[in-house]
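Colleague: Sequence below, structure please.
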Amino acid sequence: MSSSSSNDRIQKKIKDWSKLNIIGFFQTAGVMGCIFVGLRTISAGELSILTFMNPLLVVIFGTLFLRTIYTLQQWSGVLLGFIGVFITMGAHLDLKTGTLLGLMSAISWSIATLLMKVWGHTFDTWVMSAYQMLCGGFLLLIGSFLFEQPFFKISQASILILLWLAIMASIVQFSVWFFLLQKRDSAKTRAFLFLAPFFGVLSGYLLLDEPVHCSWRFTHFHWHIFGQMGIPPYSGKGL
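Modeller: Take a look at the predicted model:
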């Protein structure tokens, strides 16, 4: 009996670590890796618009893989969301490397979101947040040695950026996000994601002097907002 229970515990630990590795691969390595590399070829505003269309993809993937059922009104919200993304990108898709990486980051985040909703209840929020960052960060570290020549110039600006990315953009962000997904209404939680592209474009303009074509971007930005606000929670029958 003791040997059997010991094997069961080992198998459970292997399954748990496998789940954390998969979540870390999509949520940390996939999203962050695509974002950082994508910033080399497109603006921060454009990349944030592409990345934060992940709620739209959650509906599609939730329908395909989790058999979640959505209404016609909800699918109309998804359609408006994609129209908004297309318009805010300038009514065309310039398929640069950064554009494709932005799409990949959105896909990776949407997959991670669905996995967290399915597996999240089996982990403590802080445990899942910490270990998925550890697993994903390790994969990013390996990738940096394989595809780049890592270096770090020590300065006041670089240290502040590193601390912001490590504390606010990783620890605080993931912990709060996982907590809200587990404890709060997912629809209300995801409704705030539509603010991220707005602040992405705004911060790119204020901090990086990126051009903003107000004549079309902010005039039609409400299409994107209304589209995402019309998306329901993904806690349907598939979950």
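Colleague: got the residue ranges for the helices in this protein?
Modeller: Ranges of helices within the chain are 2-24, 31-38, 44-51, 54-65, 72-88, 97-119, 125-147, 156-163, 173-183, 186-191, 195-208, 221-229, based on DSSP state H.
Colleague: for the fourth one, which positions count as buried?
Modeller: Along helix 54-65, these residues count as buried under the neighbour rule (16 or more other C-beta atoms under 10 Å): 54-59, 61-63. Using the backbone N, CA and C atoms, a C-beta is placed for each residue, glycine as well.
Colleague: Which strands or helices does it pack on?
Modeller: helix 72-88, helix 97-119, helix 221-229 (3 or more C-beta pairs under 8 Å, 6 or more residues apart in numbering; DSSP states H and E).
Colleague: Kindly reformat the ones you listed as CSV and extend each row with mean neighbour count.
Modeller: Converted to CSV, the helices and strands packed on helix 54-65 look like this (neighbours: other C-beta atoms under 10 Å):
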stretch, mean neighbour count
helix 72-88, 17
helix 97-119, 21
helix 221-229, 19
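Colleague: and residue 25, which of those helices is closest to it?
Modeller: For residue 25, the closest of these is helix 97-119, at 8.3 Å, according to C-beta to C-beta.
Colleague: can you state the direction angle for that closest one and helix 173-183?
Modeller: Counting by axes from the mean of the first three to the mean of the last three C-alpha atoms, to 10 degrees, helix 97-119 lies at 40 degrees to helix 173-183.
Colleague: which residues sit against helix 97-119?
Modeller: Residues from elsewhere that reach helix 97-119 (C-beta atoms under 8 Å, 6 or more residues apart in numbering): 19, 22-23, 26-27, 30-31, 34-35, 37-42, 46-47, 49-55, 57-58, 61-62, 65-66, 93, 128, 178, 181, 186, 234-235, 239.
Colleague: which residue is nearest the middle of the chain?
Modeller: Computing the C-alpha centroid of the chain and ranking residues by C-alpha atoms, centre = their mean puts residue 109 first, at 3.5 Å.
Colleague: picking that back up, include mean pLDDT when you put the helices of the chain into TSV, please.
Modeller: Formatted as TSV, these follow (pLDDT from 0 to 100):
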stretch	mean pLDDT
helix 2-24	83
helix 31-38	91
helix 44-51	82
helix 54-65	86
helix 72-88	79
helix 97-119	89
helix 125-147	86
helix 156-163	87
helix 173-183	75
helix 186-191	61
helix 195-208	76
helix 221-229	52
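Colleague: about what we covered before: which among the buried residues of helix 54-65 gets closest to residue 167?
Modeller: residue 54 (23.0 Å).
Colleague: Now do that closest one against residue 205, distance only.
Modeller: 23 Å (C-beta to C-beta, to the nearest Å).
Colleague: same question, residue 142
Modeller: Distance from residue 142 to residue 205, counting by C-beta to C-beta: 35 Å.
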